[in-house]
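# Model the structure of this input:
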Amino acid sequence: MNGTDCQDFFLSHRQTQLASRSKAVHVHAPCVHDVRRGRGDVILHCCSICLLLHNSLLLEASQAVRGLTSPSPLHTPTLTRRHHRGATISGEPQSGPVGMVLEGSSEALCPPPSLELRPSCNKSQASPPLGCSSQPHDAVFSEDKEPVKYGELIVLGHNGSLSNGDKGRRRSRLALYKRPKANGVKPDVIHNVSTPLVSKALSNKSQHSISYTLSRSHSVIVEYTHDTNTDMFQIGRSTESMIDFVVTDTAGSGSGQGGGGVSSVEGGNSGQSAQSTISRYACRIMCERSAPYTARIYAAGFDSSKNIFLGERAAKWRTSDGLMDGLTTNGVLVMHPAGEFVSEPSPGVWREISVCGNVFALRETRSAQQRGKLVRKVENESNTLQDGSLIDLCGATLLWRTPAGLRHTPTLKQLESLRQELNAARPQCPVGFNTLAFPSLAQREIVDKKQPWVYMNCGHVHGYHNWGYRKEKGPAGPGGTAPASTSDRECPMCRRVGPYVPLWLGCEGGLYLDAGPPTHAFCPCGHVCSEKTVMGWSQIPLPHGTHAFHAACPFCGTWLTGEQGHVKLIFQGPVD
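Model (predicted):
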C-alpha cells in the first residue's frame, strides 16, 4: 500500500466512523506517512508521527460530537488551529471542515492571517487586547478621544473659587461630562394610594418616585424608570452622595468686597447654614447622551431613598392630561438670554420651573402656594438650557455655559497674559508718579502696595493715598493700607467726588462674554474685565430675597451702583 492509498483508506475509514456519531463533523487529515494494517476499528501505525496525528483526530472528533472546545494543548502540543470557510473557534459542531496542520510543514511555516494564537480554556470570552486596562468602568474613554462635555455650571459671586477653597463637590464651578453609564430617569407608572400607605409604597429604594400629598387621606405616587438616553445631575445644599454639585448661599451686598464673593459658610463639616434658603435637593439637570446633547432643568432632586416628596402645603396640581406637577417651596427660577449670550447679550424674562419641567410665570412671592400662569410652549420658552441661562436657587445663582460659548471666554492662562500686558504698560499714579501693578491672580483679597485704585465716578486710576476725604476719615483698615470707612473722596484730576476702591482683575473666565482687554470696572466693587462683559451683566437683574431684583457684579455679587453700574478706566502712562 503506497502513501496515496494509505491516505484514501484512512479518510474513508474515519468518515464512515464519524458519520454515525455526528453528521456535522467532517475531518480531513492531510498525512502521507500512514501505512495501515488492520481489521475493523483496530488500526496499526508504522509511523510515530501518524500515531500522534491519529490520537489527536480521535480527541478532536469526540469533543466536537459532545459540543466541547478545541483539543487540549496538553494532548496536542505541536498542533496549531486554522479556520476554513467560516469555521469558528466555539465548541459547537463546525459547519465546514477543520484542518489540522503539523508544525514544521509548509503550511505551518506560513500561517494564514486568520490564525489566532491564544489559549483555548475559554473560547466564549474574548481576550483583551495588549495594553488594555483591567480597571472597571472608570476608563470609558479611549486615550485619543476627548470626553463629551455637556456644559459647565458657574456660581455667581465667587471670583474663580470659593473663599475657603474648592473641595470635592463643593466648589464654584462644575463641568458636566457624559457619564460612563446612563443614570437618567423618566416617568413610568402613576399610583393613587392612601396617604398612610405612602411609606410602604416607597419602601423600594431602587425605584425613583415622586410623591404628591393631596390631602391627609390621598396621595399620588409617580414611579420613574431608568432612561438609557439621558444622564442626570443633581444640585443642592445637601452633602449626601447623590448630590453632584453642593451649593451654599452666596452673600451679596450693597458694598464692595475686594477679591470675590463670600460664602455664608466659611468651613465646618456640614457645609450648611441654618439660615440657608437653598433646598437640600434643589434641582436636577437631565442631559441627552446623543448629539446635540440637550440639557433640561427640573425643580427638586431625589433624596437618598430616590424619592421626591411634595408635602400638603407645597404648590401642586393635576394637569389636564391627568398627570401631576408641582413647585418646590422657594422655587427654581430660570432666565434665558433674549439673544446670543456672547454676541448680543440682553436679559430675558425670569420664569419658574416645575418638578416636571414646565415653565410658569413667577409667583407673587417666592414661596406662595399659588402658582403663576403657565407659559405656553408657543411662546418659545422651555426648560431647555442654552448658553448664558441663569438658574436661581433662592440663595445662589448659577450660570450655564455651553462648550461653544466657553470657546469665546478667556482661559486662566489668557487672563494671566492680560494681567502681564497691563503691568508691562507701566501705568503710573498721576500724583505720586509711582508705577502701579495688578497683583497675581492667586492674590485676590490682600491689597498690594502697588495695586491700582480708581475713583468710581470718573474712572481715573491712582495709587493708594490717604488723603482727599470729603467726610470725616474713618479708622484704618487691616494693615493700615485701606480705610474702614467707605466715605467718598475727591479725585485730584477732575475734582469729582465718589467712591475710591482698589481694582481687582476678574479671575473667573466663564463669566466673561468675550476675551477682550480689561478696560472697564464694575461699580462700586472695582472688578475689572472687558467692556462687553460689564455692559452685559449691568443689564441683567438678579433675584434677591423673595421678590426683589438687582443687577450685581458676577465676580462678587455686589449690587451695582451709579448710572451705568460700570466705569471706563483711565490710566496714566509713564512720564519718561
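
# Tell me where the protein has helices.
For the chain, helices defined by DSSP state H occupy the ranges 3-19, 48-66, 106-109, 198-201, 403-406, 412-424, 531-537.

# And those, which one averages the lowest pLDDT?
Lowest mean pLDDT within those: helix 106-109, at a mean of 36.

# Now residue 188. Nearest residue, chain neighbours left out?
Leaving aside its chain neighbours, residue 188 sits nearest to residue 225 (3.9 Å; criterion: CB to CB, 6 or more residues apart in numbering). The way it works is simple: take the backbone N, C-alpha and C, and place the C-beta from them, glycine included.

# Show me the chain divided up by domain.
When the chain is parsed with automatic domain parsing, its domains come out as 3-109, 150-248+275-406, 412-568.

# Can you flag the weakest of those by average pLDDT?
The lowest average pLDDT among the domains of the chain, as it happens, falls on domain 3-109, at a mean of 45.

# could you list every residue that touches residue 461?
Going by CB atoms under 8 Å, 6 or more residues apart in numbering, residue 461 touches 427, 429, 436, 452-454, 503, 569-572.

# Look up how far residue 414 lies from residue 568.
21 Å (CB to CB, to the nearest Å).

# and if you look at residue 463?
For residue 463 relative to residue 414 (CB to CB), the value is 27 Å.

# The two: which is more packed in?
Each of residue 463 and residue 414 has its neighbours counted (other CB atoms under 10 Å); residue 463 has more, 20 against 13.

# wait, the more buried one sits on residue 447?
No. The pair residue 463 and residue 447 does not pass the contact test of CB atoms under 8 Å, sitting 11.5 Å apart.

# Just the residues contacting stretch 280-296, thanks.
By CB under 8 Å, 6+ apart, the residues outside stretch 280-296 that reach it are 148, 150-151, 176, 178, 182, 184, 228-238, 243, 247, 297-303, 308, 328, 332, 353, 357, 382-385, 391, 393, 400.

# make that stretch 543-551, sorry
By CB under 8 Å, 6+ apart, the residues outside stretch 543-551 that reach it are 252, 333, 350, 364-367, 392, 394, 397, 537-542, 552, 559-560, 565.

# Mind checking which of these land in strands?
If you go by DSSP state E, these have 333, 392, 397, 542 in strands.

# for residue 361, what are its contacts?
351-352, 372-375.

# Now the buried members of those residues.
351-352, 372, 375 (16 or more other CB atoms under 10 Å).

# Now render those as CSV, adding distance to residue 404.
Converted to CSV, those look like this (distance: CB to CB, whole Å):
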residue, distance to residue 404
351, 23
352, 27
372, 32
375, 26
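
# Is residue 176 bridged to anything, and to what?
Note on residue 176: beta-bridge partners residue 151, judged by DSSP bridges.

# what's the burial count for it?
20.

# do the one 5 residues further on as well
Around residue 181 there are 8 other residues, counting by other CB under 10 Å.

# so how far is residue 573 from the nearest residue to residue 553 once chain neighbours are set aside?
Leaving aside its sequence neighbours, residue 553 sits nearest to residue 522 (CB to CB, 6+ apart; 4.3 Å). For residue 522, the distance to residue 573 equals 24 Å [CB to CB].

# Looking at the two, which is more packed in?
Set side by side, residue 522 and residue 573 show more neighbours around residue 522, with 31 against 10, by other CB under 10 Å.

# measure stretch 347-354 end to end?
21 Å (CA to CA, to the nearest Å).

# Name the residues that touch that stretch?
The contact list for stretch 347-354, computed with CB under 8 Å, 6+ apart, reads 283, 297-299, 325-327, 331-338, 359-363, 371-372, 375, 381, 383, 392, 539-541, 543, 549.

# rerun that using 6 Å as the cut-off
If you take CB atoms under 6 Å, 6 or more residues apart in numbering as the criterion, stretch 347-354 is touched by 297, 299, 325, 327, 331-338, 359-360, 362, 383, 539-540.

# Which of those are buried? Put it as a ChimeraX command.
Buried members of the contacts of stretch 347-354, defined by 16+ other CB under 10 Å, are picked up in ChimeraX with:
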select :297,299,325,327,331,332,333,334,335,336,337,359,360,362,383,540
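
# So which of the contacts of stretch 347-354 are in strands?
Filtering those for strands - DSSP E - leaves 297, 299, 325, 332-335, 359-360.

# can I get those residues in CSV with distance to residue 511?
Shown next, in CSV, are the ones in strands among the contacts of stretch 347-354 (distance: CB to CB, whole Å):
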residue, distance to residue 511
297, 20
299, 25
325, 33
332, 21
333, 19
334, 18
335, 15
359, 25
360, 28
